[in-house]
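K.L.:
predicted model and sequence follow; I will ask about them next.
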Amino acid sequence: MQKLIDLGFKKAATITQDGLGGIQINVTQLANAKNILYAFITRQNEDDVDHWRVLYIGHSRKTFRNRMSGYQYGNGAGPNNRVHNAVRDHLNTEGNQVEVHVFVDRLAASIQGLPLDMPAGLEYALISWYRDYNYQNEHPRLLNKAGNPPHGVAPPDLNQINQAAQEEAAEQLEEAQVYLAPPPAPPQAGEIVHADAPLCQFVFSLTPRTYWPLPVINVSRICEQHFGPHHDVVIVELIQNNEALAVNVTINRNANNNNTPRLWFAGQAGLDYTAWKQARKGVNEQVTVEVVGRNHIRLS
């Protein structure tokens, strides 16, 4: 487990029994984060992370909340079902706990102008590492099929290779599905819509030397209590055509003298944000920021 902590994985969901023989996945943060690595962690009451066990490692380009919905109901014959059943069985023993920890790319690194997809690149490296770690420490094998051949088994023949390819394709299909109910239809002309009031909101002007060209937002002091510490991740929803493009940004509390959060949109998130604002606003026009949850804002 320490390997995941060192990489920056954060606890983002807890899992409990639902009282009907199933499980309830309670997402506590990063609900709208996309292109993520996630790991199911099983443990008992002990606080020593060396005794925690990694059950499954996955990668999804859909939102974290959407992906967890697939596991909650366990539909299909791939990881949804395997992980659901394993988690349910683990929770049937008193004192056992299950959590989901998530890795969000905070570096937005690139080489020669080409963005590096850190979550996708780490997935099989982590599976391979925990394949060996679990074996050496007599922990149960990961539930992953792809990238997780058993120890001490002869090299696969052609039929086994084809079967493994089919299993990997089935797993990727489940990772890409949309499990949540579709969003409501957009309002009709003249229809009155009652939206939930934001926790807080502020405005800033797209000044020509700063906010217009730069992919940055400085959070107003009146709203800064809704944001976490330095290096926490914030979900930013860019509303366009009744849909939301969610991007991940990192909090910098060292950039401003009063330690209020500065949100810097790095890499592809910066390109998305710049294109979004410059297609909808002009120089010196104002942008309204709605704080809709802790570390969660919406620009519309």
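P.N.:
Yep, it's here.
K.L.:
let me see the contact set for the closest residue to A12 other than its chain neighbours.
P.N.:
Leaving aside its chain neighbours, A12 sits nearest to V102 (4.2 Å; criterion: CB to CB, 6 or more residues apart in numbering). Quick note: C-beta positions are derived from backbone N, CA and C, even for glycine. Shown in contact with V102 (CB atoms under 8 Å, 6 or more residues apart in numbering): F9, K10, A12, A13, L30, A33, I36, L37, Y38, A39, F64.
K.L.:
sitting in strands, which of the residues you listed do you find?
P.N.:
Of the contacts of V102, the ones assigned to strands by DSSP state E are K10, A12, A13, I36, L37, Y38, A39.
K.L.:
just flag the most distant two among those residues.
P.N.:
Using CB to CB, the ones in strands among the contacts of V102 span at most 13.7 Å, a distance reached by A13 and L37.
K.L.:
now the helices for the stretch 101-250 of the chain?
P.N.:
118-136, 158-176 (DSSP state H, counting those that start in this stretch).
K.L.:
hey, least reliable of those by pLDDT?
P.N.:
Looking at the helices of the stretch 101-250 of the chain, the lowest mean pLDDT belongs to helix 158-176 (a mean of 69).
K.L.:
which residues does the longest strand seen in the chain contact?
P.N.:
For the chain, the strand with the greatest residue count under DSSP E is strand 243-252. Applying CB under 8 Å, 6+ apart, the contact partners of strand 243-252 are 32-34, 63, 104-106, 183, 227-238, 261-266, 268-269, 272-273, 276, 295, 298.
K.L.:
name only those of those residues that count as buried.
P.N.:
32-34, 63, 104-106, 227, 232-238, 261-266, 268-269, 272-273, 276, 295, 298 (16 or more other CB atoms under 10 Å).
K.L.:
now the buried members of the ones in strands among the contacts of V102.
P.N.:
Buried subset of these (neighbour count, 16+ other CB under 10 Å): A12, A13, I36, L37, Y38, A39.
K.L.:
turn those into a markdown table, including distance to E290.
P.N.:
Output for these, formatted as a markdown table (distance: CB to CB, whole Å):
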| residue | distance to E290 |
| --- | --- |
| A12 | 22 |
| A13 | 24 |
| I36 | 24 |
| L37 | 29 |
| Y38 | 27 |
| A39 | 32 |
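K.L.:
which among those residues gets closest to I57?
P.N.:
Checking those against I57 by CB to CB gives A39 as the nearest, at 5.0 Å.
K.L.:
wait, the closest one sits on V83?
P.N.:
No - in this structure, A39 is not within contact of V83 by CB atoms under 8 Å, at 10.9 Å.
K.L.:
where do the contact lists of the two overlap?
P.N.:
Contact criterion CB under 8 Å, 6+ apart; residues bridging A39 and V83 by contacting each: L55, Y56.
K.L.:
which residues touch P140?
P.N.:
R53, L55, N134.
K.L.:
scan these and report the most crowded one.
P.N.:
L55 (24 neighbours; other CB atoms under 10 Å).
K.L.:
isn't that one right up against R82?
P.N.:
No - L55 lies out of contact with R82 (CB under 8 Å); the separation is 9.7 Å.
K.L.:
overlap in contacts, those two.
P.N.:
The contact sets of L55 and R82 overlap at L143 (CB under 8 Å, 6+ apart).
K.L.:
excluding chain neighbours, what is closest to G22?
P.N.:
In space, G22 is closest to R88, 6.7 Å off (CB to CB, 6+ apart).
K.L.:
and that neighbour, which helix or strand is it part of?
P.N.:
Taking DSSP states H and E as the criterion, R88 maps to helix 79-91.
K.L.:
I'd like the average pLDDT over that helix.
P.N.:
Mean per-residue pLDDT for helix 79-91: 92.
K.L.:
how distant is that helix from the center of its chain?
P.N.:
Chain-centre distance of helix 79-91: 20 Å, with CA atoms, centre = their mean, to the nearest Å.
K.L.:
mind listing what's buried along that helix?
P.N.:
For helix 79-91, burial by neighbour count (16+ other CB under 10 Å) applies to P79, N80, N81, R82, V83, H84, A86, V87, R88, H90, L91.
K.L.:
below-threshold pLDDT in the protein: ranges please.
P.N.:
Within the chain, the segments meeting pLDDT under 70 span 153-168, 170, 180-196, 241-243.
K.L.:
okay, strands next: where are they in it?
P.N.:
Using DSSP E, strands in the chain cover 10-17, 23-27, 36-43, 53-60, 97-103, 110-111, 114-115, 200-205, 216-218, 233-240, 243-252, 262-264, 286-293, 296-299.
K.L.:
ok, for Y38, nearest residue in space, not its chain neighbours?
P.N.:
Leaving aside its sequence neighbours, Y38 sits nearest to V102 (CB to CB, 6+ apart; 5.0 Å).
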